[in-house]
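Participant: Generate coordinates for the sequence data below:
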Amino acid sequence: MPLALDFFLHYAYLLLFLWIMAEQLGLPIPSIPLLFTTGILTGAGDLSLALCLFAILAACLVSDSLWYAMGKRYGGAMVKMVCRLAFETSNCIRKTEDYFTRRGPATLLIAKFVPGLGTVAAPIAGRTGMPYATFLAYDMTGALLWGGAMTLLGRLFGDMIRRNPQALSGLGHFAGGLFLAGIAGLLLYRVWKQRAFLRQIRTSRLDPAELKRMLDAGQQVYIVDLRHPLDYLPDPRVLPGAVRFSPDTLMRHSAEIPRDRDVVLYCTCPSEATAARMAMKLRESGVYRVRPLLGGFERWKKLGFPLEDYEEQPASMA
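Facilitator: Predicted coordinates:
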């Protein structure tokens, strides 16, 4: 038996617990190859499926409860930190908030199956004030569905190997190779996706100080607040003269956005993800003078620049 496989089998449950917990805490180390390989070994009779599922649930309990508590205490700042740790800076916050808006606690049942969703589901649940008992019930059910599905899929292969003893000799090489290839592929994809997105927005962002000078000089600037409704809870104010739109609403009315002035979009996403994505879409629809605000709402506020209470706009875009 290969040395690496022998080591894994000897410490399998502890390694499974630590690996899953580390991923759920935000480290960019994908667990699916490990779960699949674990399932293969349970099918071959080397590991107990019940103990593997127990280790998975225990890991999710520790990590998700910690993020829930941190999200409840620190709110949006903690959510953005989780996204940065997991290399999911493009749209993870917006996507997860939309799921919670539509489905509530049931989001936790599918969160771990959706890339970028499971990473921030726990802190956003805490941020929304979801009762811990409700969070725990849905989160543990979702963890069991996720861990069980991935492990049982691997077990199908393990059962085939057990029925064909001649294939057992190649199990270590197959499982180890699959595990390493899966991790390398997912890590490279995440890094590539993040860098490609950051390259697109790096050249177009508008510094808050520059926007402040434009407003002080009396320039007409069309400012759009793209924050999610959950982001308004800690501070409902907006930048001077800003109008609020969701990304979908903004695109439905893109023809009404003025072309004769600068258009500035801001959000609270890491790296101005939502604002940058919508800026690119507006440019495709013919709005060329559009830029995301560097640092978004949080940086503008941190610099002490003026904010004002929001007043509903009577325009047709409302």
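
Participant: quick one: low-confidence parts of the stretch 151-300 of the chain?
Facilitator: Counting by pLDDT under 70, the stretch 151-300 of the chain shows low-confidence ranges at 158-183, 185-187, 189-191, 193-203, 270-271.

Participant: which residues of it fall in strands?
Facilitator: In the stretch 151-300 of the chain, the strands defined using DSSP state E, counting those that start in this stretch lie at 221-225, 243-244, 262-266, 290-292.

Participant: would you turn these into CSV with mean neighbour count and distance to Y11?
Facilitator: (C-beta placed from N, C-alpha, C; glycine too.) Formatted as CSV, the strands of the stretch 151-300 of the chain follow (neighbours: other C-beta atoms under 10 Å; distance: least, C-beta to C-beta, whole Å):
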stretch, mean neighbour count, distance to Y11
strand 221-225, 20, 51
strand 243-244, 18, 52
strand 262-266, 23, 48
strand 290-292, 24, 47
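
Participant: and G39, how far is that from C52?
Facilitator: Look at G39 and C52: by C-beta to C-beta, to the nearest Å, they are 8 Å apart.

Participant: need the strands of the stretch 151-300 of the chain in TSV with distance to W146, can you?
Facilitator: Below are the strands of the stretch 151-300 of the chain laid out as TSV (distance: least, C-beta to C-beta, whole Å):
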stretch	distance to W146
strand 221-225	35
strand 243-244	35
strand 262-266	34
strand 290-292	34
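
Participant: So which of these is nearest P131?
Facilitator: With C-beta to C-beta as the criterion, P131 lies closest to strand 243-244 of the strands of the stretch 151-300 of the chain, at 29.0 Å.

Participant: can you list the residues that contact stretch 60-79?
Facilitator: Residues from elsewhere that reach stretch 60-79 (C-beta atoms under 8 Å, 6 or more residues apart in numbering): 20-21, 24-25, 82, 93, 112, 120, 122-127, 129, 132, 135-136, 139-140, 143, 147, 231, 234, 268, 298.

Participant: Just the buried residues from those, in PyMOL please.
Facilitator: With 16 or more other C-beta atoms under 10 Å as the burial test, the buried ones among the contacts of stretch 60-79 are selected in PyMOL as follows:
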select buried, resi 20+21+24+25+82+93+112+120+122+123+124+125+126+127+135+136+139+140+143+147+231+268+298
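
Participant: Next step: the contacts of stretch 60-79 restricted to strands.
Facilitator: Assigned to strands by DSSP state E, none of the contacts of stretch 60-79 qualify.

Participant: I figured P292 hits L206, correct?
Facilitator: Yes. Judged on C-beta atoms under 8 Å, P292 makes contact with L206 at a distance of 7.0 Å.

Participant: Mutual contacts of those two, please.
Facilitator: Common neighbours of P292 and L206, counting by C-beta under 8 Å, 6+ apart, are V264.

Participant: okay, now the domains of the chain?
Facilitator: Per the record, the chain has its domains at 3-201, 208-302, by automatic domain parsing.

Participant: Using a markdown table, lay out those domains together with distance to E311.
Facilitator: Below are the domains of the chain laid out as a markdown table (distance: least, C-beta to C-beta, whole Å):
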| stretch | distance to E311 |
| --- | --- |
| domain 3-201 | 24 |
| domain 208-302 | 9 |
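
Participant: pLDDT score for E311?
Facilitator: Looking at E311, its pLDDT is 74.

Participant: count of neighbours near it?
Facilitator: By other C-beta atoms under 10 Å, the residues close to E311 number 9.

Participant: Could you check how far it is from K281?
Facilitator: Noted for E311: a distance of 26 Å to K281, by C-beta to C-beta.

Participant: repeat for W67
Facilitator: 31 Å.

Participant: who's more crowded, the two?
Facilitator: Neighbours per residue (other C-beta under 10 Å) separate W67 from K281, with W67 holding more: 24 against 15.

Participant: doesn't W300 make contact with P208?
Facilitator: Yes. Between P208 and W300 there is a contact under C-beta under 8 Å: 4.8 Å.

Participant: which residues touch P208?
Facilitator: Taking C-beta under 8 Å, 6+ apart, one finds 293-295, 299-300, 303, 305 in contact with P208.

Participant: Closest one of these to L153?
Facilitator: G295 (42.4 Å).

Participant: For M214, see how far away the closest residue in space to the closest one that isn't next to it in sequence is.
Facilitator: Of all residues beyond its chain neighbours, the one nearest G295 is P208 (6.2 Å), with distances taken as C-beta to C-beta, 6 or more residues apart in numbering. Separation of P208 from M214 (C-beta to C-beta): 11 Å.
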